[in-house]
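Engineer: Coordinates for the following, if possible.
(chains A, B, C and D)
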Protein chains: 2
Amino acid sequence: MIQKTITMQDVAREANVSPATVSRVLTNPGLVQEPTREAVHEAIRKTGYRVNQAARNLRMRRASAVLILVPNLGKPFYSGILAGISAGFAGTGYAVLITDTENDPIQGSVLAGYFLDGRIDGAIALDGGLSHEVLQECSDHGVGERIVFLCEWVEGETFPVISSDNAEGARLAIRHLYELGHRKVAHVTGPEGNVLTTARRNGMVTERARLNMPAPPEWIIRGDFSLESGRAAAAKILGMSNRPTAVFCSADMVAIGLIAGLHAGGLKVPEDISVVGFDDIEMSEHSIPALTTIRQDRHRLGRRAAEVLLDRLSQPDCATDPDPAIPVELVIRDSTAPPKA
Amino acid sequence: MIQKTITMQDVAREANVSPATVSRVLTNPGLVQEPTREAVHEAIRKTGYRVNQAARNLRMRRASAVLILVPNLGKPFYSGILAGISAGFAGTGYAVLITDTENDPIQGSVLAGYFLDGRIDGAIALDGGLSHEVLQECSDHGVGERIVFLCEWVEGETFPVISSDNAEGARLAIRHLYELGHRKVAHVTGPEGNVLTTARRNGMVTERARLNMPAPPEWIIRGDFSLESGRAAAAKILGMSNRPTAVFCSADMVAIGLIAGLHAGGLKVPEDISVVGFDDIEMSEHSIPALTTIRQDRHRLGRRAAEVLLDRLSQPDCATDPDPAIPVELVIRDSTAPPKA
DNA sequence: TTGCCTTATGAAATCGATTTCATTATCGTC
DNA sequence: GACGATAATGAAATCGATTTCATAAGGCAA
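Structural biologist: Residues are numbered from 1 along each chain as shown, chains lettered A, B, ... in the order given. Next comes the predicted model:
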């Protein structure tokens, strides 16, 4: 049974005040005197009134919603991030919209359009693959300041970025292997052109240089963060005459695929070869062997992005300092061991 | 640079028509003549007009949004479902909101409130743990017909349900093990009280009866769909004097945890013991050994739920037939083999 | 007491679309 | 040629909140 909608008018009548006063009680209670306020609250309770968001949004020229651009919802890595974002927006009155940029790619002025339509007030982009054109459209329409990047980012753009300390993660991984005694360490990269691929590779390179532990080009294997690319990397490694004794993978999924491939090829992890991942997805703790990896604090990343965006929404044009990288942590489990003598 | 918003007025002026006509061109083009329509479109292009969603929503008394209630975004199982839902709503003008019911539990009239606030037009609940109270509130406020359940459901309620054929999945799993020669088959259940736990257990029981393959109570092990519960189940099995030769798990995550635990305890899968999962999450193909499991078509489940909800939103009070269960499929990989002689 | 300032409240305008109702033009039919 | 039906369009009301502006009351200083 659909019931007649109760408006502010009804509440006002019930409380013997004007609609304006009801509105004030709801949005700026300090402006109205205690007894009046009480009466209004009583009337609200009595009538079961609920404010109509559409009306409020129209009048206040807001959307009360933010959009999260996720490259691929299917990847377990993102779920923790999303939970963090949800938590960050809980109780703020913002609705969290999620879109999968792989399923429906963002092009042209689509994103800017969401802002202009009044569908969203802000956006968190987890997709470093957004085109300059898309972002330019947003800037052109004056909404560039309401976008923050999370985990990934777009080279050459100046949007705020919240991300893990990727380079440090790579350094930790390499150092860990070095300290175990490894000197022949391979790397499975992310997709070429991805900012994380670069950041992690750079971290690896500096640490290698510091430790004087170079790697022949053959040991730098192109991957794409997927299980399959891990498997493919395993095949390559199995075919090498000069095999590495350890592999640092740019993602846990890659590491898990790699281990599967190595295992299928007769190499045991960590006895024959050590493997380090990156991310610390839930699965990693339970894979066989449990994966040594670099933990990204996904919940915190998500929460922080929400905070930064909320800041920017409440105080427009305030220049924010670049956000410090979120620390990462080496988690030592069972996929790494000293190399065979 | 924020620019003055362009309204329908502006377009109307530009095209020398009334705002009403512009509105018609946008929402019901058949009502306006070709040349006028053309002129309006030209004016829209020229002015760069975009319709204001808040205004439209207010006037049309809609929210143009649906809410997805996910028990735990962190579980990889749900990402494929969400992708399917996203796909199902793509191009419909509906925004997809997602909330994690574990992070912020839905209680009392919160859900009904979203409807009443005009925040959402419909909801897809993946959470069979919603209380009767919450649902009653929705029905009381006349929005019960705009809720559909997906994967899980609440016993004793009459909402439409889209779900896999859970019982059939269980039967397939048991039959597969039987055909391999197993006669001593254990089961790790889901959490007690969960509808999926019951559905899968029932399917298992009927198939056992049919095959005349009973199981002592000891072999029915309580789990909760988590990796940890799989590990715990492994410990129990390792401690049994009369060990089963195969285990059917109510979820892939459980199976993966179980295998890890068995492995740690010195039992090899599938040589010493076979394991079947349920879900076919991405990981299962790549775990060691690759997991034999019951595949749920997650993308299709999501898409179908979107379709059903869209139907109900466009034609209110039409009684829909119960949706047929989405077929499941036995995927045979490497975690099952004939029992040792 | 007068005058100015502050505070609490109400009346009415406003946000930007959709839709009802009225009006005019057009068409087909007898 | 007239009449009723139909089609295309515009004027104005409407959705339900917020906010500006005006007003009245009360407080304080001179």
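
Engineer: outside of stretch A:172-184, which residues touch it?
Structural biologist: A:185, A:203-204, A:207-208, A:211, A:213, A:215, A:219, A:242-246, A:248, A:274, A:276, A:278, A:292, A:294, A:328-330, A:332, A:336-339 (C-beta atoms under 8 Å, 6 or more residues apart in numbering or on different chains). In short, each C-beta sits where N, CA and C put it, glycine included.

Engineer: filter these to the buried ones?
Structural biologist: Neighbour-count burial (16 or more other C-beta atoms under 10 Å in any protein chain shown) is assigned, among the contacts of stretch A:172-184, to A:185, A:203-204, A:207-208, A:211, A:215, A:219, A:244-246, A:248, A:274, A:276, A:278, A:292, A:294, A:328, A:330, A:336-337, A:339.

Engineer: Give me the mean pLDDT for stretch A:122-138.
Structural biologist: Average pLDDT, stretch A:122-138: 96.

Engineer: How about residues contacting it?
Structural biologist: Contacts for stretch A:122-138 (C-beta under 8 Å, 6+ apart): A:66-71, A:78, A:81, A:85, A:101, A:106-112, A:114-115, A:144, A:146-154, A:156-157, A:159, A:194-196, A:305-306, A:309, A:312-313.

Engineer: Make sure I have this right: residue A:229 is in a strand.
Structural biologist: No: assessed with DSSP: H, G, I helix; E, B strand; the rest coil, residue A:229 is helix; it does not lie in a strand.

Engineer: can you count the residues close to it?
Structural biologist: 24 (other C-beta atoms under 10 Å in any protein chain shown).

Engineer: my read: it touches residue A:223, true?
Structural biologist: Yes: with contact defined as C-beta atoms under 8 Å, residue A:229 reaches residue A:223; the gap is 3.7 Å.

Engineer: buried set for stretch A:222-240?
Structural biologist: A:223, A:224, A:225, A:226, A:227, A:229, A:230, A:231, A:232, A:233, A:234, A:237.

Engineer: In CSV, list those along with pLDDT and distance to residue A:19.
Structural biologist: Output for the buried residues of stretch A:222-240, formatted as CSV (pLDDT from 0 to 100; distance: C-beta to C-beta, whole Å):
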residue, pLDDT, distance to residue A:19
A:223, 96, 61
A:224, 94, 58
A:225, 92, 55
A:226, 88, 57
A:227, 87, 59
A:229, 94, 61
A:230, 95, 62
A:231, 92, 65
A:232, 95, 66
A:233, 97, 66
A:234, 97, 69
A:237, 98, 72
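
Engineer: Next one: the closest residue to residue A:265 other than its chain neighbours from residue A:184, what distance?
Structural biologist: Nearest residue to residue A:265 in three dimensions, chain neighbours excluded: residue A:238, at 4.2 Å (C-beta to C-beta, 6 or more residues apart in numbering or on different chains). Residue A:238 sits 15 Å away from residue A:184, going by C-beta to C-beta, to the nearest Å.

Engineer: Show me the strands in chain A, by range?
Structural biologist: Listed in chain order, the strands of chain A (DSSP state E) span residues A:65-70, A:95-100, A:122-125, A:147-150, A:161-162, A:185-188, A:220-221, A:246-249, A:274-276, A:293-296, A:328-331.

Engineer: Format those as a markdown table; extra columns: distance to residue A:9.
Structural biologist: Output for the strands of chain A, formatted as a markdown table (distance: least, C-beta to C-beta, whole Å):
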| stretch | distance to residue A:9 |
| --- | --- |
| strand A:65-70 | 27 |
| strand A:95-100 | 26 |
| strand A:122-125 | 32 |
| strand A:147-150 | 38 |
| strand A:161-162 | 44 |
| strand A:185-188 | 65 |
| strand A:220-221 | 68 |
| strand A:246-249 | 63 |
| strand A:274-276 | 65 |
| strand A:293-296 | 51 |
| strand A:328-331 | 55 |
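
Engineer: How many neighbouring residues does residue A:41 have?
Structural biologist: Residue A:41: 16 neighbours (other C-beta under 10 Å).

Engineer: swap in residue A:45?
Structural biologist: 11.

Engineer: who in the stretch 51-200 of chain A is up against DNA strand D?
Structural biologist: Applying C-beta under 7 Å from any atom of the strand, one finds that the stretch 51-200 of chain A approaches DNA strand D through A:51, A:52, A:55, A:56, A:58, A:59, A:60.
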